[in-house]
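Participant: kindly generate the corresponding structure for this input.
(one chain, ligands or ions: 1)
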Amino acid sequence: MRQRTTFDPALPASPPRRRPRGWLMMATAALLLSACGGDDDDDHHGHKPPPPQPVAGCELNGTTGGEVIVLPGEPGAPEVATGYAPKRTVYAKTYMAVTNNPVSTKVACDILKDGGTAVDAAVAAQMVLNLVEPQSSGIGGGAFIMHYDAQTKKVIAYDGRETAPSGADENYLRWKSSTDQTPPLPNAVRSGRSIGTPGTLRVLELAHRDYGKKTWKELFSPAIKLATDGFAIPPRMAASISSATTVQNIKRDPEMAAYFLNPDGTPRAVNTILKNPALAQTFTAVAEGGADAFYKDGPIARAIVDKIRTTYDGGTTPGVTTLDDLANYQAKKREPVCTTYRQYEICGMPPPSSGGIAVGQILGILENFDMASHAPTSMDQNGGKPSVTGVHLVGEAGNLAYADRNQYVADTDFVPLPGGSPDTMLNKSYLAQRAGMISLTAAMPRPVPAGNFGGAPMGAPIIAERGTTHLSLVDKYGNVVAMTTTIESGLGSYHMTGGFLLNNELTDFSAEPVDANGAQIANRVQPLKRPRSSMSPTLVFERKGDGSRGDFKMTTGSPGGATIIQYVAKTLVGVLDWKMDAQQAVSMIDFGSNNATMIVGGEHPNVDTSTPQGGLPGDNDPLVKGLRNLGHTVSVGNQSSGLSAIVRETIGGAPALVGGADPRREGVVLGDTFRP
Ligand code: GLU
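Facilitator: Here you go, the predicted structure:
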């Protein structure tokens, strides 16, 4: 018989509670009833929003905006990797938090409710995520934060990307040494070679110094309490440690094994109460001593260096990170990549992420087409059915943008962009010329070439990336944080110390320093360089008549490795061109193209992945078939985006925040909500 596995995020210190089905149904009924009131004011999404009726903020009643959360892993819900549990749009008056886990959303929301800033909420939520989503992010990894200051209207891009150690050479990821030119063991990801000097705590500290209202110390309290009292293992975390191969890999590291596995070596199951005293201790030291307690010579730094240099049983190639590498790590404030898209201004993350430039290029190319006339049809809460032409155009724009990104973008502290700034790649006439390569009746032959900006060619392969999480936060003062945070692959490098996992971010570098033609690869390993990222935390603003920055309009971002760029572009087009609400745009079928394959996410209820006789999976789906008829190679594999979006709208004559969390993950939206 299948065991019932309800995820209860209520931070129990006692054995897991089982919510009877009736409880869920009653909660749903009550919420649906309360959602029925309202006047006849129709908004442009077909909803009926009455004047805001505030309800107490931050309540996690097993609901998200009036719908019972059916989490992946619960009976009747799909599997984690293939999950899609429809979610309802959430409306709030002044503050809102969206993360990919209910517990971290709740902690962030409580801080916002209590007058904390978006940065305060990000610090507290990140520490909680280190517990409830350890496979995706934590203090052993890196992060990018896009911050909007509502008072000055200033945007800052905070770079907390990991760095290569000072002792790394360009063959660091592919050879054990210059005399032993064999690959690191057991492979690059799970060796010490993949581990970059972490940046998450330094970048949060930097942003907090600029924009924190609460003390650094108090922001660690919720996570310290959770780590000490215990928390119920969420379904995604349980799923991420459940496969036989993962368990084998976990067993290499005794600290990981003790944390993630039962004494008999089986993986800990969903809802098991887990405590993390080692992380409670680490957090306490950092809460009291600041990030220095982590980075400066001391017990935490020494344990990190020892761990990176471990060989375990002799079968693991160590990394060369030193105490000085940690002590010298610096988070950086960078100029955001801002460009215009129709009546909006879009600001994204500059290098070392390729996200801001690639998303900006996709939109800049699409600006040459009347996207509004290619909107999805049969609009529903899941984003309707995208049109063949709409998806074709977004896909082709993606093909062109990925070609440039792959060739030219790396850490600009080491390798300059063409023209010395993002402006050359985002130049409107250049993008119009790229748009001219697109036909409405046939797909371009792939791979499409990168633009020619002169100078030496810099080949670069596409690198597979996975893992990661994203937070979208708006505080009462109107400040906004879009933060994408990562340890790279699920469970990072499989090295654990101090209760947290160390990243494998350096595998975002190209392991090969030169391409097949002998051209140097922009994203090759160099000492102290930051690996190129695809993370795309994004802020959107209205533009005033004179072209200057107007009100905040929207924020979004996602995990998903190189595919992040496609997830984010799709969501932006959904809201800005197709006038979908935040949840509809996030929920909409994940589609796009990376200069190789067009994706149409098969986990989505509006995609028919069945295979007709003699055909391919998806051939029965009009969108997939239509794209194939144009010449696209289409994959209907399941997508695992973790999008969130907050959109500022006017509802019932008053400004409101409209939020959406990805149905493909277990996140929720909370805030000072009201039900239109
Ligand atoms: N390491 C990836 C990047 O920085 C993110 C990984 C992911 O999103 O899964 O682009």
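Participant: so which residues on the protein come close to the ligand?
Facilitator: 465-468, 486, 488, 505, 508, 533-535, 559-561, 564 (C-beta under 6 Å from any ligand atom). Just so you know, the C-beta spots here come from the backbone N, C-alpha and C atoms, and that holds for glycine as well.
Participant: which of the residues you listed sits closest to Ile224?
Facilitator: Nearest to Ile224 out of the residues of the chain next to the ligand is Thr486 (C-beta to C-beta; 22.9 Å).
Participant: contacting residues for the closest residue to the ligand within the stretch 251-400 of the chain?
Facilitator: In the stretch 251-400 of the chain, no residue comes nearer to the ligand than Ser353, which is 6.9 Å away by C-beta to the nearest ligand atom. Each residue near Ser353 by C-beta atoms under 8 Å, 6 or more residues apart in numbering is listed here: Phe144, Arg161, Arg532, Ser533, Ser534, Met535, Ser536.
Participant: could you redo the last one with a cut-off of 6 Å?
Facilitator: Residues near Ser353 by C-beta atoms under 6 Å, 6 or more residues apart in numbering: Phe144, Ser533, Met535.
Participant: which residue, other than its chain neighbours, is closest to it?
Facilitator: In space, and not counting its chain neighbours, Ser353 is closest to Ser533: 4.1 Å by C-beta to C-beta, 6 or more residues apart in numbering.
Participant: quick one: the one you found from Ile521, how far?
Facilitator: Distance, Ser533 to Ile521, by C-beta to C-beta, to the nearest Å: 16 Å.
Participant: ok, back up a step: show the pLDDT at the residue nearest to Ser353.
Facilitator: Note for Ser533: predicted pLDDT of 96.
Participant: near it, how many other residues are there?
Facilitator: Neighbour count of Ser533, defined by other C-beta atoms under 10 Å: 29.
Participant: relative to Arg161, how far out is it?
Facilitator: According to C-beta to C-beta, Ser533 stands 6 Å off from Arg161.
Participant: likewise for Gly547?
Facilitator: From Gly547 over to Arg161 (counting by C-beta to C-beta), the distance is 31 Å.
Participant: more crowded one of those two?
Facilitator: Applying other C-beta under 10 Å to Gly547 and Arg161 shows that Arg161 carries more neighbours, namely 30 against 9.
Participant: got the contact list for the more buried one?
Facilitator: Gly142, Gly199, Pro352, Arg530.
Participant: what about the second one, how many residues nearby?
Facilitator: Right, the one you point to is Gly199. 29.
Participant: equivalent analysis for Glu542, please.
Facilitator: Neighbour count for Glu542, taken as other C-beta under 10 Å: 14.
Participant: show me the contacts for the residue in the stretch 351-500 of the chain positioned nearest to the ligand.
Facilitator: Closest residue of the stretch 351-500 of the chain to the ligand, C-beta to the nearest ligand atom: Thr468 (3.2 Å). The contact partners of Thr468, taken as C-beta under 6 Å, 6+ apart, are Ser136, Thr486, Pro559.
Participant: with Ala327 instead?
Facilitator: Counting by C-beta under 6 Å, 6+ apart, Ala327 makes contact with Tyr295, Lys296.
Participant: one more pass at 7 Å, please.
Facilitator: Shown in contact with Ala327 (C-beta atoms under 7 Å, 6 or more residues apart in numbering): Tyr295, Lys296, Asp297.
Participant: so which helix or strand takes in it?
Facilitator: Assigned by DSSP states H and E, Ala327 belongs to helix 323-328.
Participant: what about that helix, average pLDDT?
Facilitator: Across helix 323-328, the average pLDDT comes to 98.
Participant: what about that helix, distance to the chain center?
Facilitator: Remark: helix 323-328 is offset 27 Å from the chain centroid, using C-alpha atoms, centre = their mean, to the nearest Å.
Participant: ok, then the element right after that helix?
Facilitator: Once the chain leaves helix 323-328, the next helix or strand it forms, by DSSP H and E, is strand 332-334.
Participant: go through that next one and flag the buried ones.
Facilitator: Lys332, Arg334 (16 or more other C-beta atoms under 10 Å).
Participant: tell me who's in contact with the spatially closest residue to Asp551 that is not a sequence neighbour.
Facilitator: Leaving aside its sequence neighbours, Asp551 sits nearest to Glu542 (C-beta to C-beta, 6+ apart; 4.9 Å). Neighbouring residues of Glu542 by C-beta under 7 Å, 6+ apart: Gln343, Tyr344, Gly550, Asp551, Lys553.
Participant: at 6 Å what do you get?
Facilitator: Contacts of Glu542 (C-beta under 6 Å, 6+ apart): Gly550, Asp551, Lys553.
Participant: can I have the buried ones of these as a PyMOL selection?
Facilitator: Here is the PyMOL command that selects only those of those that count as buried (16+ other C-beta under 10 Å):
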select buried, resi 550+553
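Participant: okay if I get the contacts of Glu542 as JSON lines plus pLDDT and secondary structure?
Facilitator: Formatted as JSON lines, these follow (pLDDT from 0 to 100; DSSP: H, G, I helix; E, B strand; the rest coil):
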{"residue": "Gly550", "pLDDT": "97", "secondary structure": "strand"}
{"residue": "Asp551", "pLDDT": "97", "secondary structure": "strand"}
{"residue": "Lys553", "pLDDT": "98", "secondary structure": "strand"}
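Participant: relative to Asn100, which of the contacts of Glu542 is nearest.
Facilitator: Using C-beta to C-beta, Lys553 comes nearest to Asn100 of the contacts of Glu542, at 22.6 Å.
Participant: show me the beta-bridge partners of the closest residue in space to the closest one that isn't next to it in sequence.
Facilitator: Distances taken as C-beta to C-beta, 6+ apart place Val540 nearest to Lys553, at 4.5 Å, with adjacent residues excluded. Partner residues in beta bridges with Val540, using DSSP bridges, are Ile346, Met554.
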